[in-house]
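# I'll drop the sequence and a predicted model, then ask my questions.
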Amino acid sequence: MSIPRPRKIVLLVALVATLVLLCCGGSVTALLVGGLTDEGSDKLTASGGCGKAGPIDPDTKLPRIRPYGAEQIRNAAVIINVGADLKMPPRAWVIAVATAMQESRLNNLGNLGARNDHDSLGLFQQRPSSGWGTPQQVQDPVYSSTKFYKKLKTIPGWEKMPLTRAAQRVQISAYPDAYAKHEPIATQIVNTLADGAANAVGSSVAMVCASAGQIAASGWTLPTGAVVGSGFRTASRPNHQGVDLIAGKQTPIMAAASGIVSMVKCDEDRRGRRTCNVDGYPGKGGCGWMVEIQHAGNVMTRYCHMVTRPFVREGQEVAAGELIGRVGSSGNSSGPHLHFEVHLNNDRSSAGAIDPVQFMREQGSPLGGPG
C-alpha cells in the first residue's frame, strides 16, 4: 500500500529517560511524558517542536504508546499522514486519531460477522450501506482516513468544537460522548509521531506553536495571558494547590479547554461568610467567586478570585477559549489575580491537584514565566 508522505511531520524516535527544556523564563525544567514503551520496557519521551519537520515513515520501527501495539501505531501514522497531505490542520489529526481509537482501537477491522455493528468496517467503522464506499475501500486506511477528513471539513466551525462533538458530526454514533475520553492519548500520539504537532495552533497548517489567545491542536489554551506569581506547593506555601496568574482587574478569564461546568459558587471564607462582591484580603479564606470545569480524560480545572459572579452556569458546555469570567481579588487574596488549578481523576481535593505549569506546557499552552 502506498503511504502518503507529507512534508511537515517528523517521526520522533529518540526515547530518553529525561528531557530538559528551557522554558520561556530561562529556567531548566525536566519534562517527563509517560506511556511509551520499547519492547515492553518503560521509556520517557517528549516532543521538541510544533510539527515543523519531515514525514512519518510508517514502515520503520515506531515507538509504542500504551496500550497500543505496533500495527495500531502504524495506523495512527497513516491517519496523520493523510491529514497532512489533505492540508488539514493538526487539530483534525487529533480528532481523527481519537475517533479511530473509539471506533476500532486503531485496528483496521474486517468482517467480524455478528461482532460488527451492521456492516461497519475499517479504522473508522464506516458502513458501505451508508455510502462511505465499498467494503474493500473502507478497509483501506488511506481511503477511510481521507473520507473522514473530507466529511469533517464540511462541518462549519469544527475547529472550535469540543472533540467529541466534531467526531460525532462525522460518525453519527449511537454513543456521541464516547470520543472525549480518548483525547489525551490521541494528543500524545500526535505529539510523539509528529514532532509536537499537537502543540501547534490547532486551526492552522503553518505548524506554528500556539501562544496566548490561541488554541493548540491538543484543545487547550491559556486561561489568561499573565505571568506566574506564586507557584504550586512552594516552600513558602506548601498547601498552595495551584498557581497565581498575575493580571489586572477585569482581565478576561477563558476556559482552558472544552468541557462541562461542574461548579459555580461564591466560596465561603473562614468565618462561613459568602462575601465575594468585595475585595478580599490575605487570611480571609476561600476562593471567592469560582468556577470548576470537567474536561476530557477526567481532568478538572479550577478558577478562583473572580471580580463578579461568573458568566457561566453549572451543567453548561463550554468551548476552549470561551469567556467564563473576569479577574478580581475576591476571597483569600492580596491583589487581583487568577488562581488556577488542575486536578486529575476529577478529584477536586488536594490529592488530585498537579502542577499547572508542567501540565499546560505538555498541552502546548505554557503558562507565563515566574513573576
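Yep, it's here.
# C-alpha from now on. contacts and neighbour counts both.
OK.
# how many other residues sit next to residue 173?
By the criterion of other CA atoms under 10 Å, residue 173 has 13 neighbours.
# And for the one 10 residues further on?
Neighbour count for residue 183, taken as other CA under 10 Å: 24.
# any idea what sits nearest it, other than its immediate chain neighbours?
residue 98 (5.8 Å; CA to CA, 6 or more residues apart in numbering).
# In a helix, the one you found, correct?
Yes. Counting by DSSP: H, G, I helix; E, B strand; the rest coil, residue 98 is part of a helix.
# now for the helix or strand hosting residue 82, which elements pack on it?
Assigned by DSSP states H and E, residue 82 belongs to helix 70-85. Applying 3 or more CA pairs under 8 Å, 6 or more residues apart in numbering; DSSP states H and E, one finds that helix 70-85 contacts strand 64-65, helix 90-104, helix 141-153, helix 183-193.
# can you put the ones you listed in a markdown table and add mean pLDDT and distance to residue 165?
Listed next are the helices and strands packed on helix 70-85 as a markdown table, based on pLDDT from 0 to 100; distance: least, CA to CA, whole Å:
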| stretch | mean pLDDT | distance to residue 165 |
| --- | --- | --- |
| strand 64-65 | 88 | 25 |
| helix 90-104 | 97 | 10 |
| helix 141-153 | 97 | 11 |
| helix 183-193 | 94 | 12 |
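# Out of those, flag the one nearest residue 282.
helix 183-193 (36.6 Å; CA to CA).
# Can you show me the CA trace of the closest one as PDB?
Coordinates of each C-alpha in helix 183-193 appear next as PDB, following Å, rounded to 0.1, in the frame of the first residue of the first chain:
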ATOM      1  CA  GLU A 183      -8.400  13.000  23.500                       C
ATOM      2  CA  PRO A 184      -5.400  12.900  25.900                       C
ATOM      3  CA  ILE A 185      -3.800   9.800  24.400                       C
ATOM      4  CA  ALA A 186      -4.700  10.900  20.900                       C
ATOM      5  CA  THR A 187      -2.800  14.200  21.700                       C
ATOM      6  CA  GLN A 188       0.200  12.200  23.000                       C
ATOM      7  CA  ILE A 189       0.200  10.000  19.800                       C
ATOM      8  CA  VAL A 190       0.200  13.100  17.500                       C
ATOM      9  CA  ASN A 191       2.900  14.800  19.500                       C
ATOM     10  CA  THR A 192       5.100  11.600  19.600                       C
ATOM     11  CA  LEU A 193       4.800  10.800  15.900                       C
END
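# What's the first helix or strand after that helix?
That would be, after helix 183-193 and using DSSP H and E, strand 227-228.
# Which segments of the chain make up each domain?
Following automatic domain parsing, one gets these domains for the chain: 19-199, 227-362.
# List the buried residues for stretch 238-256?
240-249, 251-256 (16 or more other CA atoms under 10 Å).
# Take the residues you listed and keep only those in helices.
If you go by DSSP state H, the buried residues of stretch 238-256 have nothing in helices.
# Residue 109: what's it in contact with?
121, 122, 123, 125, 139 (CA atoms under 8 Å, 6 or more residues apart in numbering).
# Who wins on neighbours among those residues?
Going by other CA under 10 Å, residue 123 tops the contacts of residue 109 with 31 neighbours.
# re earlier: got the contact list for the helix holding residue 82?
3-6, 8-9, 55-59, 61-65, 89-90, 92-93, 96-97, 105-108, 141-142, 145-146, 149, 189-190, 193-194.
# ditto for stretch 207-223
For stretch 207-223, using CA under 8 Å, 6+ apart, the contacting residues are 8, 49-52, 90-92, 94, 162-163, 183-184, 187, 197-203, 224-225, 253-258, 320-321, 360, 363-367.
# that older thread, ok, so of the contacts of residue 109, who is nearest residue 178?
residue 125 (14.3 Å).
# nearest spatial neighbour of that closest one, skipping sequence neighbours?
Closest to residue 125 by CA to CA, 6+ apart is residue 103, at 5.9 Å.
# Likewise for residue 162?
residue 258 (5.6 Å).
# cool, and residue 306?
residue 328 (4.4 Å).
# May I have the beta-bridge partners of the one you found?
Beta-bridge partners recorded for residue 328 (DSSP bridges): residue 337.
# Nearest the geometric middle of the chain, what residue?
residue 218 (3.7 Å; CA atoms, centre = their mean).
# how about low-confidence regions in this protein?
1-48, 53-54, 112-118, 369-371 (pLDDT under 70).
# Specify the residue positioned farthest from the middle of it.
The chain, CA atoms, centre = their mean, max distance from centroid: residue 271 (38.1 Å).
# OK, contacts around that residue?
Residue 271 neighbours (CA under 8 Å, 6+ apart): none.
# Now do the SS call for it.
Going by three-state DSSP: residue 271 is coil.
# picking that back up, could the domains of the chain be laid out in TSV, adding distance to residue 212?
Converted to TSV, these look like this (distance: least, CA to CA, whole Å):
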stretch	distance to residue 212
domain 19-199	12
domain 227-362	10
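# List the buried residues in the one helix or strand residue 169 maps to.
Here residue 169, judged by DSSP H and E, is contained in helix 163-171. Residues of helix 163-171 classed as buried by neighbour count (16+ other CA under 10 Å): 163, 164, 165, 166, 167, 168, 170, 171.
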